[in-house]
Structure formats: C-alpha cells, structure tokens
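# turn this into a structure:
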Amino acid sequence: MEAERGTPLFLGKSGEEQFSLLQDALAIGQGFELFFVCGNSPNILKEVVGRLQYSHISGDTHLDMFYEDPKDLARLLEHLLRAEKPPKGRNIITARSEGREAELRAGWTSGLVVLNEQRNRLIKACPSALLLMGPPHILLTAQSRAPDLWSVRASVFLFPDIAEGMSPFPARNVFRDMEPDALPHALKEGEYYQDLADALEGSGSKAERLSRARLLGSAARAWFLRGNPRDALLAFEKARAIYEDYGDLNGKAGILNGQARIYSMQGDIARAMVLWEESLRLEEQIGDVQGKAATLNNMAWVLAQQGDIARAMGLWEESLKLTEKIGDVQGKAATLHQMAGVLADQGDIARAMGLWEESLKLKEQIGDVQGKAATLHQMAGVLAQQGDIARAVCLWEESLKLNEQIGDVKGKAATLANMAWAEGKNGNRNKERDLNIQAARLLGACKAFFDLATVLGNLGAGGGEDAAAFLGQALWLGLRIPLPAENALLYSSTFIKKTGVAHRAALLCAAATLFFMQQRGKDTPKAAEYEKNAFALLRQCAKARNISPERLEIWMEEERLNDSSYVISEFKKELEKRIGDRWLFDPAGFPPL
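Model prediction:
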C-alpha cells in the first residue's frame with residue numbers, strides 16, 4: 001500500500017514507463033523469474049525501492065528487500081536460501097548494493113558467479129523470483145559470467161538518468177531532516193498524468209481501470225507539489241472510487257493516506273485524522289502490518305507538529321511494536337529517528353540521543369549508509385545548538401565521509417551548510433560564508449533547488465556586497481518553484497531592505513511577492529497573514545515614492561503592478577541584472593517563465 005514516506009518524483013518519461021512495466025511484471029508473473037532493475041544513479045534505484053516497498057502492487061505479491069555491501073555480494077545465496085515461502089501468492093527477493101563503481105563491479109561479478117554455480121539449488125529454494133538492482137554493467141556480467149543463470153526467464157528494466165543528471169530523490173532539508181523537499185520543476189504537470197488516465201476512462205478492463213487509478217494518484221501528487229491541492233484532491237477522489245469499485249482495500253488505503261497528507265498540510269488536522277483512522281481500519285482488515293505502521297508514523301508526525309507530543313509518542317510506540325513484529329528494521333530505525341528529533345525539539349536531549357544511537361545501530365546492521373549519515377547529521381545539529389561545537393563537528397565530519405563514500409551529494413551539502421551555521425555561531429564569518437558557498441554549489445549541481453534556496457537565503461542574510469545577489473538567486477528560484485510562503489516572505493523583505501525601498505527592483509519584488517502570496521499561499525492556514533505582510537512591503541515601496549494610501553490602487557494600475565505577467569517578467573530582468581556573473585548554479589537548466 002502507499003505510505004507517505006516521502007513523495008515519489010517523476011523519473012522521466014522513459015523511467016515512468018519502465019516502472020509501470022515493472023509493477024505489472026511483478027504482479028502477473030508466475031514461477032521462478034529473474035528481474036534486473038538497472039540504472040547508473042544510486043538515487044534512482046533508491047526511488048524505485050521506495051516505490052516498490054510503499055506502493056500498491058496488485059495480486060498477492062510480497063517483497064523481501066535487503067541491502068548488501070559490495071564486497072559481500074557473494075553472500076546473496078545465503079539470504080535467498082533462507083527466504084521463507086509466503087502462505088499464499090508470490091515472494092520476490094530484492095537485493096541491492098551501492099558504493100563506488102570499482103567495488104560494485106567486483107562485488108556483482110563475484111555474486112553472480114556464485115548464483116550461477118548454484119542455479120539449480122537457487123531455483124528450487126527461492127520462493128518465486130529474484131530481483132537484482134544495480135548499475136547496467138551487471139547485465140553484461142550476468143550474460144558473460146553467469147550464462148546458466150541468465151538462461152532463466154529474465155526481464156530487464158533500465159532506468160535512464162534524469163535529464164542533466166537530475167536525481168529523483170528529495171534532498172534532506174538543510175536544517176530539519178523530517179520533511180522531504182520535492183522538486184516540482186522535475187515533475188510532469190498533473191495534466192500529463194490526467195491525460196494518460198483519461199485515455200483509459202472508458203475501458204472495461206480491470207487492469208486498465210487500476211492503471212487509471214494509479215495515474216490519477218500520480219496526477220494528484222504532481223498537482224499537490226505544484227501548489228494545487230484542489231485538483232489533487234479531485235484526482236484522489238476519482239482514484240479512490242475506482243479502488244472501491246473493485247474492492248481494492250490496499251489501493252483505497254493508499255489514497256486515504258494521500259488525502260490525509262494534503263489536509264494536514266492545509267491545517268485541517270481533524271479531517272486528516274479521520275482519513276488516517278479509516279486507512280488504519282482498512283490496513284487492519286487486510287492484515288497490512290507494514291502499512292499500518294507507516295500510517296501511525298504519519299499521524300504521529302503531524303500530531304507532534306501540533307504540539308500533542310504525548311499522543312504522538314503513543315502512536316510511534318505502537319508503530320515500533322508493529323515494525324518489530326514483522327522484522328522491519330529499516331522502518332524501526334526511521335521511527336526512532338523521528339521520535340528522537342521531536343524529543344530534541346522538546347529539550348529532552350539525553351533521551352533523543354539514546355534513540356538516535358539505537359537508530360544508528362539498526363542502520364549499521366542493515367548497511368543503510370545514507371540513513372546513518374542522516375542520523376549523525378541530526379545528532380550533530382542538536383549538539384551544536386547545545387553549545388558542544390567540537391563534538392558536533394566530529395559527527396558532521398563522520399557524516400561527510402559517509403556521504404562521500406556513497407556519492408550522496410545532497411547529504412554532503414546539507415552537512416556543509418550546518419557546519420557553516422556552527423562557524424557562524426562561533427563568529428567565524430569568513431568560514432561560514434565559504435562553507436555555505438560550497439554547499440550551494442553542490443546543491444545547484446545536483447539540482448536540489450529547495451535546499452539551495454535555503455542556503456542562498458542564509459548567504460544573503462549575511463553582510464557583504466554580494467548579499468543581495470545571493471538573495472536575488474533565491475528569489476529567482478522562487479519565481480519557478482513554490483518556496484514555502486514564510487521563506488519567500490523572509491527573502492523578499494531582506495532583499496528589499498538591502499536593496500532599498502526606493503529601488504525599482506524592490507518595488508517589483510514587493511509586487512511579485514504579493515501575487516505569490518495570493519496564489520500559492522491561499523490554501524494555507526496563515527493565508528491572510530501572509531498576504532497582509534506582503535502588502536505591507538508594497539506599501540513601504542509606495543511610501544518611498546510619496547504615494548498616499550488613498551491613491552495607492554490607482555498608482556498600482558498606472559505602474560501595472562496588478563499585471564502579474566508584467567511584474568514577474570520585469571522582476572526577473574532586475575534580478576538577473578543584480579546577480580550578474582555571481583551565479584552559484586546554472587540558470588540555463590530552467591525553462592523560460
């Protein structure tokens with residue numbers, strides 16, 4: 001079922017087609033099969049893992065996933081022979097690894113040779129199917145070094161890199177790891193998925209109707225991430241109706257989770273909780289323990305953000321019991337990580353550190369290098385806020401090494417940004433600036449633009465003649481991606497202050513900010529407050545031009561400040577003029593406004 005463990009992002013047209021074919025192959029296959037899921041980007045493979053683990057696959061298909069270090073891939077056979085057959089349906093054993101290219105090449109070669117030698121034993125013992133995830137060269141290795149294994153019925157799914165190497169994975173928030181950032185510029189429009197779904201609207205085929213439901217779910221997520229919750233909820237409702245028609249409780253529970261998430265983000269917590277409660281009842285009815293644990297996690301996180309810590313902790317404890325019951329080590333580690341973050345926010349540092357330590361041990365147990373780096377990153381941030389900068393830096397440096405080991409550019413950038421914050425606390429402004437610039441360049445290179453805007457905002461908040469240029473880049477990004485309203489207001493007000501309210505760039509900034517608050521912020525609980533603050537910026541610029549309150553509306557018409565197309569186009573020009581050659585990312589990668 002679909003759990004809200006981060007938002008799946010667009011894999012490119014070819015990648016989405018490959019994933020759809022993979023889902024169908026897993027659902028309808030029979031007997032022992034061999035699946036190869038290959039891609040050059042480890043983050044793309046992680047996205048596929050996440051979708052498989054937390055999305056609906058029709059049929060009685062069970063996934064047993066594990067991670068192995070490259071040098072230990074020859075141990076694959078041990079895992080496969082220990083796998084137990086499910087009481088009904090199919091069990092697909094999924095194995096993946098990550099590391100440097102040379103290590104992966106050597107590891108997969110040794111692993112495939114062993115599997116080839118034990119082919120007959122493997123086919124007899126493995127419950128249903130084997131899915132191997134790695135770089136494309138494992139296909140050539142399988143054909144040349146494991147010909148007997150390759151002769152088994154095999155299916156290959158190749159996932160190309162996203163345009164210009166763009167990763168499909170959300171970057172960790174630079175200062176808070178719990179809410180994944182999304183990259184709406186990398187998504188197709190909701191209309192893209194809606195059109196595909198509409199093509200199946202008249203079909204009487206169950207498989208095509210369920211495909212339509214999945215496409216509607218994708219449309220809903222795309223619209224939501226682009227700041228259009230109304231159309232997202234409509235698409236979710238259509239998908240929900242299809243799942244209800246076929247009695248697909250798994251699919252319905254996933255849709256309920258998606259709807260609840262939107263309502264919770266809008267501040268309608270009561271309605272979100274009703275939907276999550278219904279999802280829980282369905283998950284209990286079908287025995288989806290993992291789905292129930294994920295739903296409890298979602299509920300706990302929202303309650304914690306509302307300040308209901310006691311109830312949130314109760315739900316997390318219940319989720320932990322479920323993950324332990326089914327042996328979901330990764331889920332348990334993630335839950336402990338979340339609980340620790342909330343406890344740290346409450347000032348219970350000792351207990352938070354204890355949970356993070358426990359989470360670290362679990363992540364080491366399953367070889368979750370990226371998860372370990374993220375936990376070290378969070379622990380370091382808390383220690384730094386407590387004033388233990390030396391110990392924090394040690395943990396950040398350890399996190400950096402892990403990020404470099406697996407090529408996690410966004411994780412490295414997040415750690416550099418936090419180290420910059422610590423240097424700033426110590427009064428080392430030059431070091432703070434240098435680390436932030438390093439982080440910004442890395443985030444720009446991997447197109448993690450939400451995190452990039454945060455770092456640019458931090459750079460712009462400092463002194464120096466290029467502060468306005470850094471803020472300008474954050475605002476330039478804000479013209480293209482829906483930055484959080486609170487952040488956008490902060491960047492705008494700081495830019496106007498540094499530029500001067502009498503400057504034309506300040507006026508256009510205020511007008512553009514008002515427009516975005518009216519459009520993007522209208523469905524948020526603080527919509528009126530955001531619009532009021534944005535209008536206050538515009539009034540400051542008007543006052544600097546001796547425009548009286550009585551004449552304000554007429555003046556806005558005369559200056560075309562109500563014409564959003566004109567304002568945004570002119571503001572973009574002013575920003576690019578102010579930025580000059582001081583870009584920390586390549587603006588050419590964006591389509592025109």
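# tell me how many other residues surround N116.
17 (other CB atoms under 10 Å). Yep, even glycine has a C-beta here, placed from its N, CA and C like the rest.
# in which helix or strand does it reside?
Assigned by DSSP states H and E, N116 belongs to helix 101-117.
# mind listing what's buried in the helix or strand that comes right after that helix?
Later in the chain than helix 101-117, the nearest helix or strand by DSSP H and E is helix 119-125. Of all the residues in helix 119-125, those buried under the rule 16 or more other CB atoms under 10 Å are 119, 122.
# C-alpha coordinates for helix 119-125, PDB please?
Provided in PDB are the C-alpha atoms of helix 119-125 (Å, rounded to 0.1, in the frame of the first residue of the first chain):
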ATOM      1  CA  ARG A 119      21.500 -22.100 -10.200                       C
ATOM      2  CA  ASN A 120      19.500 -25.300  -9.700                       C
ATOM      3  CA  ARG A 121      19.600 -25.100  -6.000                       C
ATOM      4  CA  LEU A 122      18.500 -21.500  -6.200                       C
ATOM      5  CA  ILE A 123      15.600 -22.100  -8.400                       C
ATOM      6  CA  LYS A 124      14.400 -24.900  -6.200                       C
ATOM      7  CA  ALA A 125      14.700 -22.900  -3.000                       C
END
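# let me see the backbone angles for the closest residue to W356 other than its chain neighbours.
If you skip the residues right next to it in sequence, W356 has A340 as its closest partner in space, 4.5 Å away by CB to CB, 6 or more residues apart in numbering. Backbone torsions for A340, taken as degrees, to the nearest 10, come to phi -60, psi -40.
# what residues are up against A340?
351-356, 359, 378 (CB atoms under 8 Å, 6 or more residues apart in numbering).
# which of those fall in helices?
351-356, 359, 378 (DSSP state H).
# who wins for neighbours among the residues you listed?
Neighbour-wise, the ones in helices among the contacts of A340 (other CB under 10 Å) top out at S359, 26 neighbours.
# in which helix or strand would I find the closest residue to that residue other than its chain neighbours?
Leaving aside its sequence neighbours, S359 sits nearest to L336 (CB to CB, 6+ apart; 4.0 Å). Using DSSP H and E, L336 sits within helix 329-345.
# alpha carbons of that helix, as CSV, please.
Taking C-alpha atoms only, helix 329-345 is exported to CSV below (Å, rounded to 0.1, in the frame of the first residue of the first chain):
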residue,chain,number,x,y,z
VAL,A,329,14.5,-3.0,10.7
GLN,A,330,14.5,0.0,8.3
GLY,A,331,11.1,1.1,9.5
LYS,A,332,12.0,0.8,13.1
ALA,A,333,15.2,2.8,12.5
ALA,A,334,13.3,5.5,10.7
THR,A,335,10.7,5.7,13.5
LEU,A,336,13.3,6.0,16.2
HIS,A,337,15.0,8.8,14.2
GLN,A,338,11.7,10.7,14.0
MET,A,339,11.0,10.3,17.7
ALA,A,340,14.5,11.5,18.6
GLY,A,341,14.0,14.7,16.5
VAL,A,342,10.8,15.6,18.3
LEU,A,343,12.3,14.8,21.8
ALA,A,344,15.3,17.0,20.9
ASP,A,345,12.9,19.9,20.0
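# how far off centre is it?
Mean-position distance between helix 329-345 and its chain equals 17 Å (CA atoms, centre = their mean, to the nearest Å).
# just give the number of residues close to R230.
Here the number of neighbours of R230 (other CB under 10 Å) works out to 11.
# for the host helix or strand of it, packing partners?
Assigned by DSSP H and E, R230 belongs to helix 229-245. Judged by 3 or more CB pairs under 8 Å, 6 or more residues apart in numbering; DSSP states H and E, helix 229-245 is in contact with helix 190-198, helix 206-225, helix 249-265.
# TSV for the ones you listed, including mean pLDDT?
Shown next, in TSV, are these (pLDDT from 0 to 100):
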stretch	mean pLDDT
helix 190-198	81
helix 206-225	83
helix 249-265	88
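# how about the ones you listed in CSV, adding distance to Q305 and mean neighbour count?
Listed next are those as CSV, based on distance: least, CB to CB, whole Å; neighbours: other CB atoms under 10 Å:
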stretch, distance to Q305, mean neighbour count
helix 190-198, 26, 18
helix 206-225, 18, 23
helix 249-265, 9, 24
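# quick one: closest of the ones you listed to L234.
With CB to CB as the criterion, L234 lies closest to helix 206-225 of the helices and strands packed on helix 229-245, at 8.0 Å.
# what about the host helix or strand of V48, average pLDDT?
For V48, the element it lies in under DSSP H and E is helix 42-54. Averaging pLDDT along helix 42-54 gives 73.
# between it and helix 249-265, how many degrees?
110 degrees (axes from the mean of the first three to the mean of the last three CA atoms, to 10 degrees).
# output helix 42-54 as PDB, restricted to C-alpha atoms.
Output of helix 42-54 as PDB, limited to C-alpha atoms (Å, rounded to 0.1, in the frame of the first residue of the first chain):
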ATOM      1  CA  PRO A  42      22.000   5.000  -7.000                       C
ATOM      2  CA  ASN A  43      19.400   7.600  -6.000                       C
ATOM      3  CA  ILE A  44      17.100   6.500  -8.900                       C
ATOM      4  CA  LEU A  45      17.400   2.900  -7.700                       C
ATOM      5  CA  LYS A  46      16.500   4.000  -4.200                       C
ATOM      6  CA  GLU A  47      13.500   5.800  -5.600                       C
ATOM      7  CA  VAL A  48      12.400   2.500  -7.300                       C
ATOM      8  CA  VAL A  49      13.000   0.600  -4.000                       C
ATOM      9  CA  GLY A  50      10.900   3.200  -2.100                       C
ATOM     10  CA  ARG A  51       8.000   2.900  -4.600                       C
ATOM     11  CA  LEU A  52       8.100  -0.900  -4.600                       C
ATOM     12  CA  GLN A  53       8.200  -1.000  -0.800                       C
ATOM     13  CA  TYR A  54       5.400   1.500  -0.100                       C
END
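# and the angle from it to helix 329-345?
Using the same axes, to 10 degrees, one finds that helix 42-54 and helix 329-345 are set 100 degrees apart in direction.
# quick one: distance of whichever helix or strand comes after helix 42-54 to the chain centre.
Where DSSP H and E defines the elements, the next helix or strand beyond helix 42-54 is strand 61-67. Relative to its chain's centre, strand 61-67 lies at 21 Å (CA atoms, centre = their mean).
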